[in-house]
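Student: Here is a sequence with its predicted model. Questions after.
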Amino acid sequence: MDIPSLQLLNQAEEQDITMTSAQATPIQKDSTHAIQSEIQMLTSGASAGIALTVQNAPLVTPPAPKARTLRDRATAAAARGDAKDTQHAPSRSPLDKYTAASEMPRVQDAFPAALIANLDLSLLDEWFSYEGQKLLIVPFEDKARDPDLKHDIGEKLLTAVKEITTAKRASIGPPVPKSDITKLRQMPITYLAYHLTQAEYNTLLSRHVWSSEAITFRVIPTDPPCPDFLFTLRGFTTLDQSHIHAMVSKVWSDEETKNFITCEVNAARIENKKSTEETLIHLIKSLKVTHLKIKNRGSALTPHFNIYTDGKATTDEELWANLRTFLATRKYTLPLQGTGKVIKAPFNCGACHGVDHPRGLCPFPGIKGWNGPTYHAEDDPRYRGRNYNRIA
Ligand SMILES: [Zn+2]
(Lines give C-alpha, C1' and ligand atoms only; values in the text may rest on other atoms or scores of the structure.)
Protein backbone atom coordinates (compact mmCIF):
# COMPACT_ATOMS: atom_id res chain seq x y z
CA MET A 1 0.00 0.00 0.00
CA ASP A 2 1.22 3.48 -0.76
CA ILE A 3 2.01 5.84 2.07
CA PRO A 4 -0.76 8.45 1.51
CA SER A 5 -3.42 5.75 1.75
CA LEU A 6 -1.91 4.41 4.95
CA GLN A 7 -2.01 7.86 6.48
CA LEU A 8 -5.64 8.25 5.59
CA LEU A 9 -6.50 4.95 7.18
CA ASN A 10 -4.61 5.80 10.32
CA GLN A 11 -6.34 9.14 10.61
CA ALA A 12 -9.70 7.48 10.27
CA GLU A 13 -8.81 5.01 12.96
CA GLU A 14 -7.54 7.60 15.40
CA GLN A 15 -10.53 9.83 14.92
CA ASP A 16 -12.84 6.93 15.53
CA ILE A 17 -11.06 5.82 18.70
CA THR A 18 -11.26 9.34 20.09
CA MET A 19 -14.94 9.59 19.40
CA THR A 20 -15.69 6.18 20.79
CA SER A 21 -13.95 6.83 24.08
CA ALA A 22 -15.70 10.19 24.33
CA GLN A 23 -18.99 8.37 24.53
CA ALA A 24 -18.17 6.56 27.72
CA THR A 25 -20.89 7.45 30.13
CA PRO A 26 -22.75 5.49 32.73
CA ILE A 27 -25.80 3.88 31.23
CA GLN A 28 -28.93 3.98 33.24
CA LYS A 29 -31.23 1.19 32.28
CA ASP A 30 -34.22 1.80 34.50
CA SER A 31 -37.00 1.80 31.98
CA THR A 32 -39.82 2.86 34.28
CA HIS A 33 -39.82 6.53 33.32
CA ALA A 34 -39.11 5.84 29.70
CA ILE A 35 -41.49 8.28 28.09
CA GLN A 36 -41.29 11.32 30.35
CA SER A 37 -37.58 11.40 30.75
CA GLU A 38 -36.58 10.40 27.24
CA ILE A 39 -36.37 13.93 25.91
CA GLN A 40 -34.56 15.25 28.94
CA MET A 41 -32.10 12.40 29.01
CA LEU A 42 -31.35 12.59 25.34
CA THR A 43 -31.02 16.34 25.54
CA SER A 44 -28.59 16.19 28.40
CA GLY A 45 -26.75 13.49 26.48
CA ALA A 46 -26.49 15.84 23.55
CA SER A 47 -25.11 18.59 25.74
CA ALA A 48 -22.38 16.30 26.91
CA GLY A 49 -21.40 15.63 23.33
CA ILE A 50 -22.90 12.20 23.42
CA ALA A 51 -26.51 12.58 22.38
CA LEU A 52 -28.34 9.50 21.22
CA THR A 53 -26.99 7.56 24.18
CA VAL A 54 -29.93 5.40 24.85
CA GLN A 55 -30.65 5.89 28.48
CA ASN A 56 -34.13 4.63 28.78
CA ALA A 57 -34.84 2.47 25.79
CA PRO A 58 -36.58 -0.75 26.70
CA LEU A 59 -33.80 -3.21 27.45
CA VAL A 60 -33.29 -5.75 24.76
CA THR A 61 -32.50 -9.20 26.01
CA PRO A 62 -30.63 -11.22 23.47
CA PRO A 63 -29.93 -13.86 22.38
CA ALA A 64 -33.26 -15.63 22.00
CA PRO A 65 -35.69 -14.73 20.69
CA LYS A 66 -33.93 -12.32 18.39
CA ALA A 67 -34.07 -8.81 19.80
CA ARG A 68 -36.53 -6.39 18.21
CA THR A 69 -35.22 -3.03 17.20
CA LEU A 70 -37.41 0.03 16.88
CA ARG A 71 -37.33 -0.60 13.17
CA ASP A 72 -38.73 -4.08 13.71
CA ARG A 73 -41.46 -2.65 15.87
CA ALA A 74 -42.23 0.06 13.35
CA THR A 75 -42.44 -2.50 10.56
CA ALA A 76 -44.77 -4.62 12.67
CA ALA A 77 -46.91 -1.58 13.47
CA ALA A 78 -47.16 -0.73 9.80
CA ALA A 79 -48.12 -4.34 9.05
CA ARG A 80 -50.87 -4.18 11.69
CA GLY A 81 -52.27 -1.16 9.90
CA ASP A 82 -51.58 1.42 12.62
CA ALA A 83 -50.96 3.97 9.91
CA LYS A 84 -54.21 3.41 8.05
CA ASP A 85 -56.31 6.05 9.80
CA THR A 86 -54.30 8.92 8.44
CA GLN A 87 -53.49 7.61 5.01
CA HIS A 88 -55.49 7.43 1.88
CA ALA A 89 -55.51 4.37 -0.26
CA PRO A 90 -55.19 5.60 -3.83
CA SER A 91 -55.51 3.12 -6.62
CA ARG A 92 -51.96 3.95 -7.71
CA SER A 93 -49.70 4.62 -4.75
CA PRO A 94 -47.36 7.62 -4.85
CA LEU A 95 -44.89 5.22 -3.23
CA ASP A 96 -44.52 3.34 -6.52
CA LYS A 97 -41.72 5.68 -7.52
CA TYR A 98 -39.61 4.57 -4.53
CA THR A 99 -37.47 1.44 -4.68
CA ALA A 100 -39.32 -1.42 -3.01
CA ALA A 101 -36.68 -3.93 -1.91
CA SER A 102 -37.89 -6.68 0.40
CA GLU A 103 -34.89 -6.04 2.63
CA MET A 104 -32.66 -2.98 2.32
CA PRO A 105 -29.01 -3.46 3.32
CA ARG A 106 -28.13 -1.82 6.63
CA VAL A 107 -25.81 1.18 6.39
CA GLN A 108 -22.96 0.71 8.88
CA ASP A 109 -21.89 3.73 10.93
CA ALA A 110 -18.48 4.10 12.57
CA PHE A 111 -20.09 4.15 16.03
CA PRO A 112 -23.65 4.51 17.39
CA ALA A 113 -23.68 8.33 17.71
CA ALA A 114 -21.70 8.99 14.51
CA LEU A 115 -24.62 10.64 12.75
CA ILE A 116 -24.97 13.48 15.23
CA ALA A 117 -21.31 13.80 16.25
CA ASN A 118 -20.66 17.10 14.47
CA LEU A 119 -24.08 18.71 14.86
CA ASP A 120 -24.55 21.91 16.84
CA LEU A 121 -25.69 20.87 20.32
CA SER A 122 -28.07 23.76 20.96
CA LEU A 123 -29.81 22.80 17.72
CA LEU A 124 -30.25 19.27 19.04
CA ASP A 125 -31.61 20.63 22.34
CA GLU A 126 -34.12 22.72 20.43
CA TRP A 127 -35.12 19.78 18.22
CA PHE A 128 -35.60 17.43 21.17
CA SER A 129 -37.85 19.99 22.85
CA TYR A 130 -40.44 19.84 20.04
CA GLU A 131 -43.64 17.88 20.36
CA GLY A 132 -44.37 14.91 18.16
CA GLN A 133 -42.20 12.14 16.78
CA LYS A 134 -38.76 12.84 15.38
CA LEU A 135 -36.41 11.03 13.02
CA LEU A 136 -32.92 11.50 11.65
CA ILE A 137 -32.64 11.62 7.87
CA VAL A 138 -29.37 11.19 5.99
CA PRO A 139 -29.34 11.85 2.22
CA PHE A 140 -27.06 9.65 0.12
CA GLU A 141 -23.98 10.97 -1.73
CA ASP A 142 -21.16 13.29 -0.73
CA LYS A 143 -22.93 16.37 -2.03
CA ALA A 144 -24.97 16.17 1.20
CA ARG A 145 -21.94 17.81 2.85
CA ASP A 146 -22.09 20.89 0.65
CA PRO A 147 -23.57 23.81 2.68
CA ASP A 148 -24.72 25.49 -0.54
CA LEU A 149 -26.99 22.53 -1.34
CA LYS A 150 -28.60 22.24 2.11
CA HIS A 151 -31.71 24.21 1.27
CA ASP A 152 -32.30 22.39 -2.00
CA ILE A 153 -31.82 18.98 -0.34
CA GLY A 154 -34.09 20.02 2.56
CA GLU A 155 -36.88 20.89 0.12
CA LYS A 156 -36.50 17.58 -1.67
CA LEU A 157 -36.62 15.71 1.64
CA LEU A 158 -39.74 17.58 2.74
CA THR A 159 -41.39 16.82 -0.60
CA ALA A 160 -40.55 13.13 -0.23
CA VAL A 161 -41.75 12.96 3.40
CA LYS A 162 -45.03 14.64 2.43
CA GLU A 163 -45.43 12.26 -0.49
CA ILE A 164 -44.64 9.14 1.54
CA THR A 165 -46.72 9.96 4.63
CA THR A 166 -49.25 12.58 3.44
CA ALA A 167 -48.09 14.54 6.48
CA LYS A 168 -49.73 17.88 7.28
CA ARG A 169 -47.18 19.33 9.72
CA ALA A 170 -43.91 17.52 9.00
CA SER A 171 -40.82 19.72 9.09
CA ILE A 172 -37.20 19.21 8.08
CA GLY A 173 -34.27 20.96 9.76
CA PRO A 174 -31.01 21.03 7.78
CA PRO A 175 -27.79 20.10 9.62
CA VAL A 176 -26.02 22.93 11.47
CA PRO A 177 -22.38 22.10 12.26
CA LYS A 178 -20.68 22.78 15.58
CA SER A 179 -18.76 26.05 15.52
CA ASP A 180 -15.36 24.31 15.39
CA ILE A 181 -16.21 22.32 12.26
CA THR A 182 -14.60 24.00 9.26
CA LYS A 183 -13.57 21.25 6.85
CA LEU A 184 -15.97 19.97 4.22
CA ARG A 185 -15.22 16.36 5.08
CA GLN A 186 -16.36 16.95 8.67
CA MET A 187 -19.63 18.63 7.74
CA PRO A 188 -22.63 16.83 9.26
CA ILE A 189 -25.11 15.35 6.82
CA THR A 190 -27.94 14.52 9.21
CA TYR A 191 -31.25 16.33 8.74
CA LEU A 192 -33.74 16.50 11.58
CA ALA A 193 -37.36 15.58 10.80
CA TYR A 194 -39.96 16.64 13.36
CA HIS A 195 -43.65 17.27 14.02
CA LEU A 196 -44.38 13.75 12.82
CA THR A 197 -47.38 11.74 13.97
CA GLN A 198 -46.81 8.18 15.17
CA ALA A 199 -48.28 6.85 11.92
CA GLU A 200 -45.98 9.04 9.80
CA TYR A 201 -43.02 7.96 11.92
CA ASN A 202 -43.92 4.28 11.44
CA THR A 203 -44.34 4.66 7.71
CA LEU A 204 -40.99 6.42 7.25
CA LEU A 205 -39.15 3.82 9.31
CA SER A 206 -40.77 0.90 7.52
CA ARG A 207 -38.36 1.07 4.58
CA HIS A 208 -35.10 2.22 6.18
CA VAL A 209 -33.91 3.64 2.84
CA TRP A 210 -36.15 5.57 0.46
CA SER A 211 -34.94 5.95 -3.09
CA SER A 212 -36.60 7.89 -5.90
CA GLU A 213 -35.13 9.66 -8.92
CA ALA A 214 -35.42 12.98 -7.05
CA ILE A 215 -33.66 11.97 -3.82
CA THR A 216 -32.40 8.95 -1.91
CA PHE A 217 -32.13 9.00 1.87
CA ARG A 218 -31.87 6.85 4.96
CA VAL A 219 -34.22 7.14 7.96
CA ILE A 220 -32.89 6.51 11.48
CA PRO A 221 -34.71 6.45 14.83
CA THR A 222 -33.45 8.74 17.60
CA ASP A 223 -32.36 5.70 19.61
CA PRO A 224 -30.61 3.73 16.88
CA PRO A 225 -29.43 0.18 17.47
CA CYS A 226 -25.65 -0.35 17.45
CA PRO A 227 -23.75 -1.03 14.21
CA ASP A 228 -23.15 -4.63 13.10
CA PHE A 229 -19.75 -3.70 11.68
CA LEU A 230 -16.85 -3.79 14.17
CA PHE A 231 -13.68 -3.44 12.11
CA THR A 232 -11.71 -4.66 9.10
CA LEU A 233 -8.76 -7.06 9.22
CA ARG A 234 -6.15 -6.81 6.50
CA GLY A 235 -2.64 -8.01 5.88
CA PHE A 236 -3.51 -11.65 5.17
CA THR A 237 -2.79 -13.03 1.71
CA THR A 238 -5.67 -15.47 1.58
CA LEU A 239 -9.07 -15.39 -0.10
CA ASP A 240 -10.55 -17.91 2.32
CA GLN A 241 -12.91 -16.09 4.66
CA SER A 242 -13.76 -19.29 6.56
CA HIS A 243 -10.08 -19.48 7.52
CA ILE A 244 -10.34 -15.95 8.95
CA HIS A 245 -13.64 -16.78 10.67
CA ALA A 246 -12.09 -19.77 12.44
CA MET A 247 -9.06 -17.71 13.55
CA VAL A 248 -11.17 -14.82 14.90
CA SER A 249 -13.62 -17.20 16.54
CA LYS A 250 -10.74 -18.88 18.38
CA VAL A 251 -9.53 -15.53 19.77
CA TRP A 252 -13.06 -14.55 20.79
CA SER A 253 -13.54 -17.74 22.79
CA ASP A 254 -10.22 -17.72 24.66
CA GLU A 255 -9.60 -17.03 28.36
CA GLU A 256 -8.82 -13.36 27.84
CA THR A 257 -12.20 -12.80 26.20
CA LYS A 258 -13.93 -14.71 29.01
CA ASN A 259 -12.13 -12.49 31.52
CA PHE A 260 -13.32 -9.40 29.66
CA ILE A 261 -16.93 -10.59 29.89
CA THR A 262 -16.52 -11.29 33.59
CA CYS A 263 -15.10 -7.80 34.19
CA GLU A 264 -17.98 -6.15 32.31
CA VAL A 265 -20.55 -8.20 34.23
CA ASN A 266 -18.87 -7.34 37.54
CA ALA A 267 -18.90 -3.64 36.65
CA ALA A 268 -22.59 -3.64 35.67
CA ARG A 269 -25.33 -2.61 38.08
CA ILE A 270 -26.86 -5.57 39.81
CA GLU A 271 -30.10 -5.43 37.83
CA ASN A 272 -28.14 -5.32 34.55
CA LYS A 273 -25.65 -8.12 35.14
CA LYS A 274 -27.70 -10.83 33.45
CA SER A 275 -28.52 -8.76 30.36
CA THR A 276 -24.90 -7.55 30.12
CA GLU A 277 -23.64 -11.12 30.03
CA GLU A 278 -26.31 -12.26 27.56
CA THR A 279 -25.67 -9.31 25.26
CA LEU A 280 -21.91 -9.86 25.19
CA ILE A 281 -22.25 -13.60 24.60
CA HIS A 282 -24.79 -12.98 21.85
CA LEU A 283 -22.56 -10.43 20.11
CA ILE A 284 -19.50 -12.69 20.30
CA LYS A 285 -21.40 -15.74 19.06
CA SER A 286 -22.89 -13.86 16.13
CA LEU A 287 -19.50 -13.28 14.47
CA LYS A 288 -19.73 -12.94 10.71
CA VAL A 289 -16.83 -12.41 8.31
CA THR A 290 -17.06 -11.12 4.76
CA HIS A 291 -14.32 -10.71 2.18
CA LEU A 292 -14.05 -7.35 0.44
CA LYS A 293 -12.38 -7.70 -2.93
CA ILE A 294 -10.04 -4.71 -2.80
CA LYS A 295 -7.12 -4.13 -5.18
CA ASN A 296 -4.36 -1.60 -4.97
CA ARG A 297 -3.34 0.71 -7.80
CA GLY A 298 -1.06 -1.93 -9.25
CA SER A 299 -4.06 -4.31 -9.44
CA ALA A 300 -2.61 -6.55 -6.72
CA LEU A 301 -5.18 -8.10 -4.42
CA THR A 302 -5.20 -6.62 -0.92
CA PRO A 303 -7.88 -8.70 0.80
CA HIS A 304 -9.91 -6.95 3.48
CA PHE A 305 -12.00 -9.05 5.84
CA ASN A 306 -14.91 -7.27 7.49
CA ILE A 307 -15.84 -8.41 10.98
CA TYR A 308 -19.51 -8.12 11.98
CA THR A 309 -21.64 -9.12 14.95
CA ASP A 310 -25.38 -8.72 15.49
CA GLY A 311 -25.00 -5.18 16.85
CA LYS A 312 -28.56 -4.29 15.91
CA ALA A 313 -29.68 -6.56 18.75
CA THR A 314 -28.67 -3.94 21.31
CA THR A 315 -28.94 -0.22 21.91
CA ASP A 316 -26.44 -0.31 24.78
CA GLU A 317 -23.79 1.76 23.07
CA GLU A 318 -21.38 1.89 26.00
CA LEU A 319 -21.25 -1.90 26.23
CA TRP A 320 -20.92 -2.15 22.44
CA ALA A 321 -18.07 0.38 22.41
CA ASN A 322 -16.24 -1.41 25.24
CA LEU A 323 -16.54 -4.73 23.40
CA ARG A 324 -15.37 -3.24 20.10
CA THR A 325 -12.39 -1.56 21.75
CA PHE A 326 -11.43 -4.81 23.50
CA LEU A 327 -11.77 -6.97 20.39
CA ALA A 328 -9.93 -4.45 18.21
CA THR A 329 -6.88 -4.60 20.48
CA ARG A 330 -6.62 -8.39 20.31
CA LYS A 331 -3.98 -10.06 18.10
CA TYR A 332 -5.28 -11.84 15.02
CA THR A 333 -2.59 -14.15 13.70
CA LEU A 334 -2.47 -16.88 11.06
CA PRO A 335 0.42 -19.38 11.39
CA LEU A 336 1.95 -18.77 7.95
CA GLN A 337 1.00 -15.13 7.65
CA GLY A 338 1.78 -13.23 10.78
CA THR A 339 -0.50 -10.72 12.47
CA GLY A 340 -3.26 -8.84 10.68
CA LYS A 341 -3.94 -5.12 11.02
CA VAL A 342 -7.20 -3.95 12.60
CA ILE A 343 -8.81 -0.91 10.99
CA LYS A 344 -11.90 0.72 12.44
CA ALA A 345 -13.98 2.71 9.96
CA PRO A 346 -11.70 1.91 6.98
CA PHE A 347 -13.89 3.46 4.29
CA ASN A 348 -16.50 6.10 3.72
CA CYS A 349 -18.81 5.15 0.88
CA GLY A 350 -19.49 8.17 -1.32
CA ALA A 351 -22.99 6.83 -2.01
CA CYS A 352 -24.53 5.53 1.25
CA HIS A 353 -21.88 6.88 3.73
CA GLY A 354 -21.35 3.38 5.17
CA VAL A 355 -17.88 2.80 6.65
CA ASP A 356 -17.47 -0.88 5.74
CA HIS A 357 -16.95 -0.54 1.97
CA PRO A 358 -15.71 1.90 -0.68
CA ARG A 359 -18.24 3.33 -3.11
CA GLY A 360 -17.23 0.84 -5.78
CA LEU A 361 -18.48 -1.99 -3.57
CA CYS A 362 -21.67 -0.27 -2.34
CA PRO A 363 -24.48 -2.85 -2.15
CA PHE A 364 -27.32 -0.43 -2.94
CA PRO A 365 -26.89 0.05 -6.73
CA GLY A 366 -27.25 -3.73 -7.10
CA ILE A 367 -30.80 -3.68 -5.69
CA LYS A 368 -33.55 -4.42 -8.21
CA GLY A 369 -35.37 -1.20 -9.08
CA TRP A 370 -32.75 1.01 -7.39
CA ASN A 371 -33.33 4.69 -8.15
CA GLY A 372 -30.41 6.18 -6.23
CA PRO A 373 -26.74 6.83 -7.04
CA THR A 374 -25.18 4.22 -9.29
CA TYR A 375 -21.67 3.08 -10.08
CA HIS A 376 -19.41 4.99 -12.41
CA ALA A 377 -15.92 4.43 -13.74
CA GLU A 378 -14.01 5.83 -10.79
CA ASP A 379 -15.92 3.54 -8.42
CA ASP A 380 -13.64 0.71 -9.43
CA PRO A 381 -11.76 -0.22 -6.26
CA ARG A 382 -8.54 -0.38 -8.26
CA TYR A 383 -8.57 3.40 -8.28
CA ARG A 384 -8.86 3.54 -4.53
CA GLY A 385 -5.52 5.27 -3.96
CA ARG A 386 -6.74 8.36 -5.74
CA ASN A 387 -10.48 8.36 -5.52
CA TYR A 388 -11.73 6.76 -2.39
CA ASN A 389 -11.45 7.63 1.26
CA ARG A 390 -11.50 11.33 0.49
CA ILE A 391 -13.68 11.81 3.51
CA ALA A 392 -12.10 9.26 5.79
ZN1 LIG B 1 -22.32 2.37 0.17
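Tutor: Ah, there it is. Residues are numbered from 1 along each chain as shown.

Student: Tell me how far the residue most central in space within the chain lies from residue 345.
Tutor: Within the chain, the residue whose C-alpha comes closest to the C-alpha centroid is residue 109; the distance, by CA atoms, centre = their mean, is 3.2 Å. According to CB to CB, to the nearest Å, residue 109 stands 9 Å off from residue 345. (C-beta placed from N, C-alpha, C; glycine too.)

Student: contacting residues for the residue nearest to the centre of the chain?
Tutor: 115, 224, 227, 354-355 (CB atoms under 8 Å, 6 or more residues apart in numbering).

Student: Could you pick out the one among these with the lowest pLDDT?
Tutor: On pLDDT alone, residue 224 ranks lowest of the contacts of residue 109, at 87.

Student: Excluding residues flanking it in the chain, which one is nearest that residue?
Tutor: residue 112 (6.3 Å; CB to CB, 6 or more residues apart in numbering).

Student: Tell me how far that neighbour lies from residue 248.
Tutor: Relative to residue 248, and taking CB to CB, residue 112 is found at 22 Å.

Student: more neighbours, the two?
Tutor: residue 112 (27 against 21; other CB atoms under 10 Å).

Student: coming back round to it: doesn't the residue nearest to residue 224 belong to a helix?
Tutor: No: per DSSP: H, G, I helix; E, B strand; the rest coil, residue 112 lies outside any helix segment and is coil.

Student: Just want the residue of the stretch 201-350 of the chain that's nearest the ion.
Tutor: Relative to the ion, the nearest point of the stretch 201-350 of the chain is residue 349 (3.0 Å; CB to the ion).

Student: pLDDT score for the closest residue to residue 176 other than its chain neighbours?
Tutor: Among residues not flanking residue 176 along the chain, residue 120 sits closest, at 4.3 Å (CB to CB, 6+ apart). For residue 120, the pLDDT comes out at 93.

Student: and the contacts of residue 109, which are buried?
Tutor: Neighbour-count burial (16 or more other CB atoms under 10 Å) applied to the contacts of residue 109 gives 115, 224, 227, 354-355.

Student: Filter those residues down to the ones in helices?
Tutor: Using DSSP state H, the subset of the buried ones among the contacts of residue 109 located in helices is empty.

Student: Turn these into TSV, columns for distance to the ion.
Tutor: What follows is the buried ones among the contacts of residue 109, written out as TSV (distance: CB to the ion, whole Å):
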residue	distance to the ion
115	15
224	17
227	14
354	4
355	9
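
Student: All the strands of the stretch 201-350 of the chain, in order from the start?
Tutor: Here the stretch 201-350 of the chain has its strands, by DSSP state E, counting those that start in this stretch, at 209-211, 216-220, 229-234, 288-292, 304-308, 333-334, 338-339, 341-343.

Student: Who does the residue lying closest to residue 371 once chain neighbours are set aside form a beta bridge with?
Tutor: Among residues not flanking residue 371 along the chain, residue 211 sits closest, at 4.4 Å (CB to CB, 6+ apart). Bridge pairing for residue 211 (DSSP bridges) gives the partners residue 216.

Student: For residue 211, give me its contacts.
Tutor: 98-99, 140, 364, 370-372.

Student: Read off the pLDDT value for it.
Tutor: 93.

Student: same deal with the one 4 residues further on?
Tutor: For residue 215, the model assigns a pLDDT of 94.

Student: try the one 4 residues further on
Tutor: As summarised for this prediction, residue 219 has a pLDDT of 96.

Student: hang on, isn't it packed against residue 134?
Tutor: No: in this structure residue 219 lies outside contact range of residue 134 using CB atoms under 8 Å: 11.1 Å.

Student: Overlap of the contact sets of these two?
Tutor: In contact with both residue 219 and residue 134: residue 193, using CB under 8 Å, 6+ apart.

Student: where do the helices sit along the stretch 101-250 of the chain?
Tutor: For the stretch 101-250 of the chain, helices defined by DSSP state H, counting those that start in this stretch occupy the ranges 121-128, 150-165, 198-205, 241-252.

Student: From the chain's centroid, how far away is stretch 258-266?
Tutor: 26 Å (CA atoms, centre = their mean, to the nearest Å).

Student: what's the average pLDDT for it?
Tutor: 97.

Student: re the thing from before, now the buried members of the contacts of residue 211.
Tutor: Judged by 16+ other CB under 10 Å, buried ones among the contacts of residue 211: 98-99, 140, 364, 370-372.

Student: could the residues you listed be laid out in TSV, adding distance to the ion and secondary structure?
Tutor: Shown next, in TSV, are these (distance: CB to the ion, whole Å; DSSP: H, G, I helix; E, B strand; the rest coil):
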residue	distance to the ion	secondary structure
98	18	coil
99	14	coil
140	8	coil
364	6	helix
370	12	coil
371	15	coil
372	10	coil
